[in-house]
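Participant: sequence and computational prediction follow.
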Amino acid sequence: MPERTYPCEFCDTQLEQEEKLVTLTLIRGGKIYVFEGVPAQVCPNCGHRYYDGPMITRLEKLIRENALHGAEPMVAFKVPYAGVGG
């Protein structure tokens, strides 16, 4: 992944972005896809992630291929928020 040489577009920090392997969750067609070990440049100040275009293209291709083979989607549940101390 190419190094970013400009500040974070969200927080404008001049700190150098950190190369990390992250978990990326994408939702396509009502299905949830979780990818682990995805390379990303991560802002050390705000945590915003920058992904390489060709990597995202590869993940989108995996999603399309997965959809063609009828894989079952994951199920996500919303957890009700009871408030602080509740």
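Facilitator: Sure thing, it's come through. Numbering: from 1, shown residues only.
Participant: surely Glu18 touches Pro44?
Facilitator: Yes: contact criterion C-beta atoms under 8 Å: Glu18 and Pro44 qualify, at 5.4 Å. C-beta coordinates here come from the backbone N, C-alpha and C atoms, glycine included.
Participant: give the buried residues for stretch 12-28.
Facilitator: For stretch 12-28, a neighbour-count test (16 or more other C-beta atoms under 10 Å) marks 17, 24 as buried.
Participant: run through who's touching that stretch.
Facilitator: The contact list for stretch 12-28, computed with C-beta atoms under 8 Å, 6 or more residues apart in numbering, reads 1, 3-4, 7-8, 32-46, 49-51, 59, 63, 67.
Participant: residues contacting Ser7?
Facilitator: I think there's a mix-up here, since residue 7 is Pro and not Ser. With C-beta under 8 Å, 6+ apart, Pro7 has these contacts: 13-14.
Participant: tell me where the model's unsure across the chain.
Facilitator: Applying pLDDT under 70 to the chain picks out residues 1-6, 67-86.
Participant: all helices for it, in order.
Facilitator: With DSSP state H, the ranges of helices along the chain come out as 53-68.
Participant: that one: strands as residue ranges?
Facilitator: Remark: strands assigned in the chain by DSSP state E are 18-28, 31-42, 49-50.
Participant: reformat these as a markdown table; add distance to Asp12.
Facilitator: Shown next, in a markdown table, are the strands of the chain (distance: least, C-beta to C-beta, whole Å):
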| stretch | distance to Asp12 |
| --- | --- |
| strand 18-28 | 17 |
| strand 31-42 | 15 |
| strand 49-50 | 14 |
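Participant: noted, bye for now.
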